[in-house]
Each structure stands twice: as C-alpha cells, then as structure tokens.
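In: Using only what follows, build the 3D model:
(chains A and B)
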Number of protein chains: 2
Amino acid sequence: MPRIAEGRPPAAPVSLEQRARRDRIVRAATTIGARLPIDRVQMHDVAKASGVAIATLYRYFPSKTHLFAAVMADQVARLDAEYVGPSLDRDPADELSELLIRVGRRMLEHPVLTTSIMQSNNALTATPLGREVAGVSHGVMLRALRAAHDPEPIHLRLVRLVEQNWYGVLISILNGHTTQEEGEEDLRLAVRLLLTPLPR
Amino acid sequence: MPRIAEGRPPAAPVSLEQRARRDRIVRAATTIGARLPIDRVQMHDVAKASGVAIATLYRYFPSKTHLFAAVMADQVARLDAEYVGPSLDRDPADELSELLIRVGRRMLEHPVLTTSIMQSNNALTATPLGREVAGVSHGVMLRALRAAHDPEPIHLRLVRLVEQNWYGVLISILNGHTTQEEGEEDLRLAVRLLLTPLPR
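Out: Have a look, this model is predicted:
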C-alpha cells in the first residue's frame, strides 16, 4: 500500500470556484490514472492537465494517495446519487449482488485506475475521508437490503462481511486468479450464503 | 500492485548449495521486509545480508516482486508442513476458521512484511509460482475440511469463497478498518455461513 504523506490535512474547497477547481483535478487524475499505475503518475502532469498551479494541487491533495482516494470518494458519491433503490418484488440478496456486480464491472473497465484507488482508499481507511467513503458505501448497500432506515446490528455486520467478500473477489479478478464470470458467480453465491441470518 | 519485471523466468536452485543460498536470500528478505515496505527495500541490501553477489540474487529473483512472492510461497509451504489436520471431533467450520485465524495472527505480527508479500503474490497470481501458492493453500484448507482426498466441486468452490473472505478481512485489519478482534469474529461468522452448503 502507498505510504501516507505526513503533514497538514488536505484543504476543503469552499467557494464554487474552488469546488470547480477541485473537480477538474479529480477528473484529470481519473483520466491519467486510467493509463498509468499510481507510482508512474506525476503530480506535475495532473496539475498541468487540470490547469492549476502545483502548489494548489498539493494544498488540496498532499499526496498521490490523497488524490486517488478522492477519486474513489467521488465514484462512491456518484453511485450513491445514481442508485434508485430496489424494486419492491426483488429478493434482497439478488438486489445486493447485482448492484455489486454492476459496480465491479464498471471498475474492471479501468483496472489500472481501480488498483490505484483501492490501494489509496485502503491506506486512508482510518482517516475522516476513509470513514466517509465506508459510510456512504455501506449506506448504498443497506438501501439495497431495504434496511437504510434504522438498520439493526445484524444488517451492519452482514453488510461488512459482504463488502469484505466483494473486495476479495474483485482483487481475485484483477489478479487473473479467477475470470470475471467465475468471480461474479462466486459473489452471487457468497452474498446469498452470507445473508442467510437476515430476517425475512 | 507492484509491476512485474519483464524478461526471463527465475532460475530454480538445483544443488544443495544453491538451495541453501536461495534460502539465505529468502530469509534476508524476510528480515529486511519486516522493517521496510517493499518500495524501500534495496536489492543490494538483500544481496549483502545474504552474502551473495547481486547478479546471483537477480538470477534467482528477477524483481522484488518475485523475491517477496517467494517469501509468501515459503510461508505457505511451512504452514503445509506444520499443519497436522483436524481432530476427529472438531466441527469443520470451526477447524477452518481457527486455522485461518492462527495464520492471520502470525501474519499480523509483521504487518509491513505481510503487506509486501500479499501485494507481490497478487501480482504473480497468474504465474506458475502464484498457482503453486494457491494450490498448496487450498490443499491445507481442504485438509481442515477433511476433503483433501477426492474433493467435490462444491468443496473447491467454497474454499475459494472462504479464501476471498479471509483476504478481505485481513486487509480490513491491516488498514485499521476493523480491529483484530472484530475481524476474527467476522471471519468466524463468514466461514460458518459460507460452509452451509457442505454435506455433513
């Protein structure tokens, strides 16, 4: 996992203009990071592609790890905004596994970027940004289970187990250890088994 | 994940002397890698600590990824040699989760090394070494389930699901996303649920 830069926390954008600048930076990192693994991405190139000074870039993102963790946070926020929730007649396990499979497919279209953002998100899990990402993604999963309002402890725990499994399957596909098709079948079975304790 | 070096495959040690030299290299990498993350380990320092020429080191291990994947392979081989199998009165799910918890605890004693060897093993999953590591570790897990002789397809599949879950839990603990205690409880529950389809 990449090391975390020392020093002061990243600045949060306040004005609309600052927000637009931050978004341009994240988009540039997404484009460049789709081609190059994180250790070959140059902060200078990201600054240039987003039209900001290098000092500005470092003020928002003190390291490449922070930058790529922000790409992950943006993808999770977009998923949260797009996901309309389950249809009423759908089995919760099916809903959740098909949601995770859709997200996984989208991520696997850009395997180099996905490796970078997963590594960066891992390295920052224990920070406020990491906790925010975990909170939003768990929220989406709870909505798939129709348990977002007033979830019970068992819901929170099973969502964590499913997430850990999904992560293992995604890494397995990224490595070439399993094919995408086999990984998706594994995930369907694992979600079904892991959700057995849920009240129906 | 680290990139894989191009070029010829690593040499296999043949004579007893060559084998001893290779073992010294792997031990030196284990010691140095317990202190330094893989991107700060210098091949020159590994050569020096194991008393071999740098050219010899590169002949056995064309990259740091190959070197640390070999550390993983050695740990898995040692586990295979040490594991005596389940006692007759033990529930298979208990046996498997306690085995994985013991292995996980040992790995978490050296979190820096564990991160390096997991990354390296991931990068080489699709190579002969990676397949060997997967084969040996699946074999140990099948022994825990008393299914090593003539395993059915369902055994192989569930072992893969459990492995993916264990991987997700270990990463979660390494990141600080869950505590070790919580991760171990998660693993116990996940193994129990994932093994539900096993014939009793």
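
In: where does chain A come near chain B, residue by residue?
Out: A:1, A:3, A:37, A:39, A:115, A:119, A:122-123, A:125-126, A:130, A:134, A:157, A:160-161, A:163-169, A:171-172, A:174-178, A:186, A:189-190, A:193-194, A:196-197 (CB under 8 Å from any CB of the partner chain). Just so you know, the C-beta spots here come from the backbone N, C-alpha and C atoms, and that holds for glycine as well.

In: Which stretches in chain A count as helices?
Out: A:16-35, A:43-50, A:54-60, A:64-82, A:92-108, A:111-123, A:128-144, A:153-175, A:180-194 (DSSP state H).

In: These into TSV, with extra columns for mean pLDDT and mean neighbour count?
Out: Compiled in TSV, those are given as follows (pLDDT from 0 to 100; neighbours: other CB atoms under 10 Å in any protein chain shown):
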stretch	mean pLDDT	mean neighbour count
helix A:16-35	95	16
helix A:43-50	97	16
helix A:54-60	95	16
helix A:64-82	95	19
helix A:92-108	94	18
helix A:111-123	91	22
helix A:128-144	92	18
helix A:153-175	91	22
helix A:180-194	95	20
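
In: Out of the ones you listed, the one nearest B:Y60 is which?
Out: helix A:153-175 (23.0 Å; CB to CB).

In: got the angle for the closest one vs helix B:180-194?
Out: 80 degrees (axes from the mean of the first three to the mean of the last three CA atoms, to 10 degrees).

In: Would you mind writing the CA trace of helix A:153-175 as CSV?
Out: Taking Å, rounded to 0.1, in the frame of the first residue of the first chain, the C-alpha atoms of helix A:153-175 are listed here in CSV:
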residue,chain,number,x,y,z
PRO,A,153,-26.7,-4.5,14.2
ILE,A,154,-27.0,-7.7,12.2
HIS,A,155,-27.6,-5.7,9.0
LEU,A,156,-24.4,-3.6,9.6
ARG,A,157,-22.4,-6.7,10.3
LEU,A,158,-23.6,-8.6,7.3
VAL,A,159,-23.0,-5.6,5.0
ARG,A,160,-19.4,-5.6,6.3
LEU,A,161,-19.0,-9.3,5.6
VAL,A,162,-20.4,-8.9,2.1
GLU,A,163,-18.1,-5.9,1.4
GLN,A,164,-15.1,-7.9,2.5
ASN,A,165,-16.1,-10.7,0.2
TRP,A,166,-16.7,-8.4,-2.7
TYR,A,167,-13.3,-6.9,-2.1
GLY,A,168,-11.6,-10.3,-2.2
VAL,A,169,-13.5,-11.3,-5.4
LEU,A,170,-12.6,-8.0,-7.1
ILE,A,171,-8.9,-8.5,-6.2
SER,A,172,-9.1,-12.1,-7.4
ILE,A,173,-10.4,-10.9,-10.8
LEU,A,174,-7.9,-8.0,-11.1
ASN,A,175,-5.1,-10.6,-10.5
